[in-house]
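1. Mind looking at a prediction? Sequence and model below.
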Amino acid sequence: MRGTAPTPGDDMTVRVMTYGTFDLLHVGHVSLLSRARALGDELVVAVSTDEFNATKGKGAYFPWSERAAMVAALRCVDRVVPEHRWEQKAHDVVRLGVDVLVMGDDWVGRFDELRALCDVVYLPRTPGISTTRIKQDLVA
Ligand code: C2G
């Protein structure tokens, strides 16, 4: 856990966390997750619940249980938790001992207030791929 003097048996794991819907899992998601994992020793992913997605105005094709299972199956992911609301991040960072919050740079600046609790890193999005584009291409 960052910020405290290491004591014997202290949790020196660098824990990374990220949030997302991860519907129709694609290479942009996987690239983000693997780059996030490379910033530490463990990666926790909060996958948006179906109810939270409804508040985002995003209808996911796969239900939370399947989206969470697919993310959890990735070698670079150590743990999956539900994302119920925007405001849970600060609580998660403290509760789970998160050292680095990672998001794609479409979110740049949106979570800077969490810099009081952990590092905040915005990674470049993978161009040319999105769940929305997949859906559009499939109906074209
Ligand atoms: N992403 C990416 N490249 C893409 C598409 C997505 O790097 N081509 C990243 C996004 O920037 C995000 C993550 O993959 O960091 C998950 O993207 P979404 O499933 O679209 O999640 P989002 O709707 O951004 O929800 O509280 C935060 C929200 O839950 C984020």
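-> That came in fine, so what should we check first? Numbers count the residues shown, from 1 in each chain.
2. Roughly how far does the residue nearest to residue 124 when sequence neighbours are not counted sit from residue 133?
-> With CB to CB, 6 or more residues apart in numbering as the measure, residue 105 is the residue that lies nearest to residue 124, at 5.5 Å, once sequence neighbours are left out. Yep, even glycine has a C-beta here, placed from its N, CA and C like the rest. Taking CB to CB, to the nearest Å as the criterion, residue 105 is separated from residue 133 by 18 Å.
3. what residues does stretch 93-108 touch?
-> Outside of stretch 93-108, the residues that reach it under the criterion CB atoms under 8 Å, 6 or more residues apart in numbering are 1-2, 11, 13-19, 28, 32, 35-36, 39-40, 44, 81, 89, 92, 110-111, 114, 117-125.
4. Show me what counts as buried in it.
-> 93, 96, 97, 98, 99, 100, 101, 102, 103, 104, 107 (16 or more other CB atoms under 10 Å).
5. restrict the residues you listed to those near the ligand?
-> Checked against the ligand using CB under 6 Å from any ligand atom, the buried residues of stretch 93-108 give the following subset in range: 103, 104.
6. Adding secondary structure and pLDDT, write the buried residues of stretch 93-108 out as CSV.
-> Supplementary listing: the buried residues of stretch 93-108 in CSV, determined by DSSP: H, G, I helix; E, B strand; the rest coil; pLDDT from 0 to 100:
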residue, secondary structure, pLDDT
93, helix, 98
96, helix, 97
97, coil, 97
98, coil, 98
99, coil, 98
100, strand, 98
101, strand, 98
102, strand, 98
103, strand, 98
104, strand, 98
107, helix, 97
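7. so residue 51 is in which element?
-> Element membership of residue 51, judged by DSSP states H and E, is helix 50-56.
8. Cool, thanks, talk later.
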